[in-house]
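Chemist: Kindly return the folded structure for what I paste below:
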Amino acid sequence: MSNVRKRWLALGIACVVCGLMGQVSASSVALEVKTIASGLEHPWSLAHLPDGTMLVTERPGRMQRVDRAGRLREVVGVPKVAAVGQGGLLDVVLAPDFEQTQELFFSYAEPRDGGNGTSVARARLDGDRLVDVTVIFRQMPTVDSPGHFGSRLVFARDGTLFVTLGERQLKHFTIRAQDLESHFGKIVRIRRDGSVPPDNPFVDVPGARPEIWSYGHRNVQGAALHPQTGELWITEHGPKGGDELNLVRPGANYGWPLVTYGVAYNGDRIGVGTERPGIDKPKKYWVPSIATSGLTFYNGDRFPSWRGNLFVGGLYGVLVRLELDGDRVVAEETLLRELRERIRDVREGPDGYLYVLTDSPRGRILRLEPKE
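Modeler: Okay, the predicted model is just below:
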């Protein structure tokens, strides 16, 4: 058992000030839902720190440190964000060697000359301050758009960093998810300093951006590594219907906007249909949409029957549990519908419980526990 896990099991997170939220009956496990912290303004991402506290990003541009009593302390040093539409401060992840380096990585909508774009920065956490903040990646080109920034960050087992990027939403940008000359609608893979790994699939393709790992994505806002295989799984928003769960392969095309299970918001058809040669099919799709958000594999001990399951946040007020057989989805269960709250992120804590962020002007951190 790691030192981090031992520390969490010893410390836990006290719910003295927030108390019990309520009980939710699920078909597979009876759950208790506890409020760990509240008063967060549109929280977007959650990261557990080794000392038992948590970092939470708020889309307007703040990062909060949440102590074991649920109190918030703002972390200073966050760069200015473009808090427009869906933009703002987005994901945050700890470096794999955080206990030695104190390094973390975060993504945000960066204001730029001529518009904005998704950027990724590296920093060190010094108490409640970010220091040595350095931008290591910028989505290009810069455009003026309020939507589809992505953006989840996932470290691969080899220490490289996956960054998911939206296609920037506006109609005249959408088709660029299919070209390799832009970062629109792509997943990129970079080193910690922002440099390009030499084994990326398009490194030697003339005109292609060498960071690109996969393409044809719409707006990926959920990403996680499979705990056994180390493969990258993602969830991405469809248009009206057609949210997707995908297993990402290097160099693969996931179809947007040529192929989709959804339609335009006015009901018009998009692309050529639901499949096309050379385009990877989703492992699952949702019609109607659940508005997929955070994604995590559960690998803990608190819910033994859920080990290996995939949990998908839904902005339409659900948490979805998926059972897998290899890379096939064989069962689905909908949780937390009774809360009627937008689920922005879901993470497994070092204590083995599931933690959920609700997206609202008074967002909360919830902890899911099995009912005794």
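Chemist: For residue 57, give me its contacts.
Modeler: Shown in contact with residue 57 (CB atoms under 8 Å, 6 or more residues apart in numbering): 43-45, 63-64, 89-92, 106. (Glycine included, C-beta is placed from N, CA and C.)
Chemist: let's see it at 6 Å
Modeler: Residue 57 sits next to 44-45, 63, 89, 92 when contact means CB atoms under 6 Å, 6 or more residues apart in numbering.
Chemist: and if you look at residue 223?
Modeler: Contact analysis of residue 223 by CB under 6 Å, 6+ apart lists 152, 154, 164, 234, 295.
Chemist: Switch the contacts of residue 57 over to a markdown table; also include secondary structure and neighbour count.
Modeler: Below are the contacts of residue 57 laid out as a markdown table (DSSP: H, G, I helix; E, B strand; the rest coil; neighbours: other CB atoms under 10 Å):
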| residue | secondary structure | neighbour count |
| --- | --- | --- |
| 44 | strand | 28 |
| 45 | strand | 25 |
| 63 | strand | 25 |
| 89 | strand | 27 |
| 92 | strand | 22 |
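Chemist: Out of these, the closest to residue 290 would be?
Modeler: Taking CB to CB as the measure, residue 290 lies nearest residue 44 of those, at 17.7 Å.
Chemist: For stretch 203-217, give me every contacting residue.
Modeler: With CB under 6 Å, 6+ apart, stretch 203-217 has contacts from 177-178, 180-181, 185-190, 196, 200, 202, 236, 248, 250, 252-256.
Chemist: what about stretch 202-220, how long is it end to end?
Modeler: In stretch 202-220, first residue to last residue: 20 Å (CA to CA, to the nearest Å).
Chemist: Also stretch 163-170?
Modeler: Stretch 163-170 has an end-to-end distance of 21 Å (CA to CA).
Chemist: Show the average pLDDT along it.
Modeler: In this model, stretch 163-170 has a mean pLDDT of 96.
Chemist: Show me which positions of that stretch end up buried.
Modeler: For stretch 163-170, the neighbour count (16 or more other CB atoms under 10 Å) marks 163-169 as buried.
Chemist: could I get those as TSV with distance to residue 96 and secondary structure?
Modeler: Putting the buried residues of stretch 163-170 into TSV (distance: CB to CB, whole Å; DSSP: H, G, I helix; E, B strand; the rest coil) gives the following:
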residue	distance to residue 96	secondary structure
163	16	strand
164	19	strand
165	22	coil
166	26	coil
167	29	coil
168	30	coil
169	32	coil
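Chemist: any idea how far stretch 63-71 is from the chain center?
Modeler: Relative to its chain's centre, stretch 63-71 lies at 20 Å (CA atoms, centre = their mean, to the nearest Å).
Chemist: ugh, wrong one, stretch 234-243
Modeler: 14 Å.
Chemist: Please apply the same query to stretch 110-119.
Modeler: For stretch 110-119, the distance to the chain centre is 20 Å (CA atoms, centre = their mean).
Chemist: What residues of that stretch count as buried?
Modeler: Of the residues in stretch 110-119, those buried by neighbour count under the rule 16+ other CB under 10 Å are 110-111, 115-119.
Chemist: Report the beta-bridge partners for the spatially closest residue to residue 371 that is not a sequence neighbour.
Modeler: Among residues not flanking residue 371 along the chain, residue 30 sits closest, at 4.0 Å (CB to CB, 6 or more residues apart in numbering). Judged by DSSP bridges, the bridge partners of residue 30 are residue 25.
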